[in-house]
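> One predicted model, sequence on top.
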Amino acid sequence: MLVWFLFHHNAKTRVVKDGESFVETCPECGRRARFDEVEVSENFGMFFIDLVGEKERKFRCSVCANVFDLRDDDDPDTIPAVQPAKSARELERERAAEQARALAEQQRRRELAEAKENRIEDELAELKKRLGRQGR
């Protein structure tokens with residue numbers, strides 16, 4: 001006898017009305033973002049009927065949408081230091097430096113590929129020479 005059970009799992013997040021909100025650097029994406037308090041609900045069920053449900057309050061990053069546990073305001077060691085906002089000039093400088101690093105990395109990879117190709121060509125030429133001498 002074959003029995004089929006249809007299990008399902010459903011997870012939802014919704015912003016808590018009048019919930020806490022703060023601005024901080026996200027540990028996941030590393031960008032300065034607003035964190036909003038959300039309610040995360042998970043339901044497990046069978047045959048389209050929810051059997052077990054769970055609700056938690058967490059914070060969601062407004063940039064990358066990752067969800068994190070509530071922060072503990074009572075323990076000052078767990079609160080990350082707030083970094084001052086960077087000016088537009090500093091941000092532009094960082095972007096330019098990142099682009100320069102990316103271009104330098106591309107150039108280095110091109111040079112390595114070219115050197116490898118030249119080395120292969122040299123090895124093939126050497127093999128052709130050897131084969132030509134052995135055949136005579």
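Yep, it's here. Numbers count the residues shown, from 1 in each chain.
> Domains in the protein, by residue range?
1-85, 86-136 (automatic domain parsing).
> what packs against the longest strand seen in the chain?
Longest strand in the chain by number of residues (criterion: DSSP state E): strand 32-46. Counting by 3 or more C-beta pairs under 8 Å, 6 or more residues apart in numbering; DSSP states H and E, the packing neighbours recorded for strand 32-46 are strand 7-15, strand 21-25, strand 49-61, strand 67-69. Where C-beta positions appear, they are placed from N, C-alpha and C, glycine not excepted.
> pLDDT on that strand, on average?
Averaged over strand 32-46, pLDDT sits at 84.
> Dump it to CSV, restricted to CA.
Provided in CSV are the C-alpha atoms of strand 32-46 (Å, rounded to 0.1, in the frame of the first residue of the first chain):
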residue,chain,number,x,y,z
ARG,A,32,25.1,51.4,5.8
ALA,A,33,21.4,50.7,5.9
ARG,A,34,18.1,51.1,7.8
PHE,A,35,17.0,48.0,9.8
ASP,A,36,13.3,47.6,10.3
GLU,A,37,11.6,45.3,12.8
VAL,A,38,9.8,42.5,11.1
GLU,A,39,7.6,39.6,12.2
VAL,A,40,8.8,36.3,10.7
SER,A,41,6.1,33.6,10.6
GLU,A,42,6.7,30.0,9.6
ASN,A,43,4.0,27.4,9.2
PHE,A,44,4.3,23.7,8.6
GLY,A,45,1.4,21.6,7.6
MET,A,46,0.1,18.6,5.8
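> Now do that strand against strand 49-61, angle only.
If you take axes from the mean of the first three to the mean of the last three C-alpha atoms, to 10 degrees, strand 32-46 sits at 170 degrees to strand 49-61.
> May I see the buried residues of strand 32-46?
Neighbour-count burial for strand 32-46 flags 33, 35-38, 43 (criterion: 16 or more other C-beta atoms under 10 Å).
> on that earlier part again, from the domains of the chain, which stretch is densest packed?
When the domains of the chain are scored by mean count of other C-beta atoms under 10 Å, the highest mean neighbour count falls to domain 1-85 (a mean of 12).
> Cool, thanks, talk later.
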